[in-house]
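*Asks:* After the sequence you'll find the predicted model.
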Amino acid sequence: QVQLVESGGGLVQPGGSLRLSCAGSGFPRDYYSLGWFRQAPGKEREGVACISTDGGGTIYGNSMKGRFSVSTNRAKDTIYLQMNRLRTDDTAAYYCVWTSYATCPWTMAPEYFDSWGQGTQVTVFS
């Protein structure tokens, strides 16, 4: 059973940076993809970023490109999300996700991701 545990959320001012981490375990196969979603109050879940462990290909949500960077450790069991130039509309609960797809689903639709962490809150306040 895949387990995902996020950490690193918190409070930050606009323009600041945060780094989220997610430690995973129980992966049932050698190649898969890991990613991040977020959900703000009253809004739908939004794909943030995804990284494939088979070649390292990445996908980002449109509003994150150029500001966020996703990576994994060498063991490919921990995923990181470096968030720079944060804005107030980045405020949300951020969820670590896992999919059995070896490459990231290009649509980043939530239904493609099989396992979800419990989430970590990121609040950007001015």
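*Replies:* Good, I have the coordinates.
*Asks:* Quick one: mean pLDDT over stretch 100-115.
*Replies:* When pLDDT is averaged along stretch 100-115, the result is 94.
*Asks:* Check the burial of Phe68 by counting its neighbours.
*Replies:* When counting by other CB atoms under 10 Å, one arrives at 20 neighbours for Phe68. (Each C-beta comes from the backbone N, C-alpha and C, glycine too.)
*Asks:* Name all residues that make contact with it.
*Replies:* Val48, Ala49, Tyr60, Leu81, Gln82, Met83, Asn84 (CB atoms under 8 Å, 6 or more residues apart in numbering).
*Asks:* Ok, Val122 next?
*Replies:* Contact partners of Val122, counting by CB under 8 Å, 6+ apart, are 9-10, 12, 18, 20, 38, 83, 86, 90-94.
*Asks:* of the residues you listed, closest to Met108?
*Replies:* Using CB to CB, Arg38 is the member of the contacts of Val122 that lies nearest Met108, at 11.4 Å.
*Asks:* Secondary structure element holding the closest one?
*Replies:* Using DSSP states H and E, Arg38 falls within strand 33-39.
*Asks:* So in that sheet, which strands flank that strand, and in what orientation?
*Replies:* Taking DSSP bridges as the criterion, strand 33-39 forms sheet pairs with strand 46-52 (antiparallel), strand 92-99 (antiparallel).
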